[in-house]
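K.L.:
sequence and predicted structure below; questions after.
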Amino acid sequence: MKHLKIWKRTHRFIDADSKNFKLIFFAFLIGAFVGALASLFRFILEKLDSLRIALYSNVDSSNIFSWALALLFGIIGVSISIFLVKKYAPETSGSGVHEIEGALDELRPVRWKRVLPIKFIASIFSLGSGLLLGREGPTIQMGSSIGKMVKDLFHQADDNNNPFVSAGAAAGLASAFNAPFSGIIFVMEEMHGHFRYNFFSMAAIMVASGTADFVSRILVGTSPVIQMTIFENPPASSIWLFILLGAIFSFIGLFFNKLLIFTLDLFSSLSMNMTIITTIIAGLLIASIGILNPNMIGGGYDTIRLVIDKSFSLQFLIILFISRFLFTIFSYGIGAPGGIFAPLLALGVVLGFVFGSIAQHYFPDSISDPTIFAVAGMAGIFASTVRAPITGLMLAVEMTSNFELLLPLIFTSVTAALITTQLGNQPIYTILLERTLKKSNSI
């Protein structure tokens, strides 16, 4: 009898280990699939960006056809994107991160057979048209859908939903920005109330994130997403300026979140006819702005590069910040698929550089280059809107390779997160999930 009990206990441990190591194998598979799909996604978007820039730059005031072609590009892109979302998969609207959090709590379904094609195609049209949205939201939602797809195709138990979907989400962020550690931290920090933590689920998101990044680096390159000067740690006497910058971003984050929800509610209340008219206006508006100044539209990667290259005057940067702030709200509010990470990071860079330029003027001995504050701005605005300060910090560091700036970025991030919390600002994805659940319960 004693030997039988020992045998059963040992057999149970072997079964558990076998199940756990299968999870690691599937995490590797998820990471590989996500990395490949995200690389294809990035490749297509880069080609569309080049096409859009060429099309808009060739617009001639004396040539009506060139204007018509450029405006049609914007209208068709936005219209097809929103039509696909509203007709076939409403959960693909926006970034989809809140949908993942709902799925981890088993409050929202993961309809990967619909989400994968619709999110991919609709996001190609929305981001390609020039809307101020980022590729990271789509890759995160597509990644989580691939996690669910792998779980279903290999007939894994339902209790594997959480680690499979979490692994896909981490892989999605990692492959979007070449930022594997940020992908891991994002699941741990932003999704901490939804992600079921244990040793093997943690190992799974690490494997998936690392694999996705490895595959995407092979397919699209190893360079940092934002190539810039590698700075040394600024003097201790300048730390108070990073704290002040974080305080400024705490108010920016509060205003951004409230205005975003107001805009979403406004557009969702429109009738079908008004939605069609709004979609056409959105396409016309984005195309017109892109023709006048391409830095005012798009995810913001090129804008970030130009800002850190000191290509703009201080006055134009202030106009650029206000314009991109409002158009980011508008782009997300109309219900098009796309993320807000990249537009937020662009806003952080612009305002951070403005702050750094002013601070350098008054405190030249403490500041060697205002671009340092542009990097801190990326972390600060992320911390205040998403309220995930560690993820924002790591994104800023991994995307720019400025690991020496960890200390000042810590002060900026934690200040932004603490003050915005005291102001009553909830994390944007928490607000979006609550809003989605209320809408689904009222139907």
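P.N.:
Thanks, I have the structure now.
K.L.:
where's the residue nearest to the spatial centre of the chain relative to D369, distance?
P.N.:
Most central in the chain under Cα atoms, centre = their mean is F341, positioned 3.3 Å from the mean C-alpha point. Separation of F341 from D369 (Cβ to Cβ, to the nearest Å) stands at 25 Å. (C-beta placed from N, C-alpha, C; glycine too.)
K.L.:
repeat for I419
P.N.:
When distance is defined by Cβ to Cβ, I419 is 26 Å away from D369.
K.L.:
which one of these two has more residues nearby?
P.N.:
Each of I419 and D369 has its neighbours counted (other Cβ atoms under 10 Å); I419 has more, 21 against 16.
K.L.:
who touches that one in this structure?
P.N.:
Counting by Cβ atoms under 8 Å, 6 or more residues apart in numbering, I419 touches G246, A247, S250, F251, S384.
K.L.:
give me the nearest residue to the residue nearest to the centre of the chain, chain neighbours excluded.
P.N.:
Closest residue to F341 apart from its sequence neighbours, by Cβ to Cβ, 6 or more residues apart in numbering: E136 at 4.4 Å.
K.L.:
ditto for M142
P.N.:
Closest to M142 by Cβ to Cβ, 6+ apart is K119, at 5.4 Å.
K.L.:
domain assignment for this protein?
P.N.:
Domains of the chain are assigned by automatic domain parsing as 2-220, 236-442.
K.L.:
burial count for A70?
P.N.:
There are 20 residues near A70, going by other Cβ under 10 Å.
K.L.:
helix, strand or coil: sort out it for me.
P.N.:
Of the three states, A70 takes helix according to DSSP: H, G, I helix; E, B strand; the rest coil.
K.L.:
quick thing: my sequence starts at 15, can you match it?
P.N.:
With the count now opening at 15, the last piece we talked about shows up as A84.
K.L.:
for it, give me the pLDDT.
P.N.:
At A84, the model reports a pLDDT of 89.
K.L.:
D29 now?
P.N.:
pLDDT, D29: 49.
K.L.:
can you tell me the SS state at V428?
P.N.:
Under three-state DSSP, V428 comes out as helix.
K.L.:
which residue is the nearest non-sequential neighbour of it?
P.N.:
Nearest one to V428, counting by Cβ to Cβ, 6+ apart, is P403 at 5.6 Å.
K.L.:
G347 now?
P.N.:
Leaving aside its chain neighbours, G347 sits nearest to T277 (3.2 Å; criterion: Cβ to Cβ, 6+ apart).
K.L.:
just checking, the one you found touches F341?
P.N.:
No. With contact defined as Cβ atoms under 8 Å, T277 does not count as touching F341 (11.2 Å).
K.L.:
looking at those two, which is more packed in?
P.N.:
Per other Cβ under 10 Å, whichever of T277 and F341 has more neighbours is F341, with 21 against 17.
K.L.:
in stretch 267-279, which residues are buried?
P.N.:
Residues G267, L268, F269, F270, N271, L273, L274, I275, T277, L278 are the ones in stretch 267-279 that count as buried (16 or more other Cβ atoms under 10 Å).
K.L.:
tell me the contacts of R319?
P.N.:
Taking Cβ under 8 Å, 6+ apart as the test, what R319 contacts is I240, Q241, M242.
K.L.:
rerun that using 7 Å as the cut-off
P.N.:
I240 (Cβ atoms under 7 Å, 6 or more residues apart in numbering).
K.L.:
any idea of the pLDDT on it?
P.N.:
We note a pLDDT of 88 for R319 in this prediction.
K.L.:
I'd like the next helix or strand past the helix or strand harbouring it.
P.N.:
For R319, the host element (DSSP states H and E) is helix 315-322. Under the assignment DSSP H and E, the closest C-terminal helix or strand after helix 315-322 is helix 328-347.
K.L.:
can you name every helix or strand that that following helix contacts?
P.N.:
helix 253-282, helix 355-376 (3 or more Cβ pairs under 7 Å, 6 or more residues apart in numbering; DSSP states H and E).
K.L.:
among those, which is nearest G49?
P.N.:
Proximity to G49 (Cβ to Cβ) singles out helix 355-376 among those, at 18.0 Å.
K.L.:
how far away is the residue nearest to G347 from F97?
P.N.:
20 Å.
K.L.:
same question for I343.
P.N.:
For I343, the distance to F97 (Cβ to Cβ) stands at 22 Å.
K.L.:
now do I457, the pLDDT please.
P.N.:
On the pLDDT scale, I457 is placed at 57.
K.L.:
could you do H25 as well?
P.N.:
As predicted, H25 sits at a pLDDT of 46.
K.L.:
the helices in the stretch 115-264 of the chain, which residues?
P.N.:
Secondary structure of the stretch 115-264 of the chain (DSSP state H, counting those that start in this stretch): helices located at 126-143, 150-167, 175-191, 194-203, 213-234, 253-282.
K.L.:
among those, show me which one is buried the most.
P.N.:
Most buried of the helices of the stretch 115-264 of the chain, by mean neighbour count (mean count of other Cβ atoms under 10 Å): helix 175-191, with a mean of 32.
K.L.:
that one: how far from the chain's middle?
P.N.:
Relative to the chain's own centre, helix 175-191 is displaced by 13 Å; criterion: Cα atoms, centre = their mean, to the nearest Å.
K.L.:
and if you look at stretch 332-340?
P.N.:
When distances are taken as Cα atoms, centre = their mean, stretch 332-340 is centred 19 Å away from the chain's centroid.
K.L.:
so what's the nearest residue to I58 once chain neighbours are set aside up against?
P.N.:
Of all residues not flanking I58 in the chain, I138 sits nearest, at 5.8 Å (Cβ to Cβ, 6+ apart). Counting by Cβ under 7 Å, 6+ apart, I138 touches I58, L59, L62.
K.L.:
okay, now the unreliable bits of the chain?
P.N.:
Along the chain, the model assigns pLDDT under 70 to residues 15-33, 456-457.
K.L.:
before we move on, back to that, adding distance to P441, write the contacts of I433 out as a markdown table.
P.N.:
Shown next, in a markdown table, are those (distance: Cβ to Cβ, whole Å):
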| residue | distance to P441 |
| --- | --- |
| G260 | 16 |
| A261 | 19 |
| S264 | 13 |
| F265 | 16 |
| S398 | 10 |
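K.L.:
can you pick out the most distant pair from these?
P.N.:
G260 and F265 (10.5 Å).
K.L.:
secondary structure class for G313?
P.N.:
Under three-state DSSP, G313 falls in the coil class.
K.L.:
quick one: it and F200, what's the gap?
P.N.:
Plainly put, G313 is 18 Å away from F200 if you go by Cβ to Cβ.
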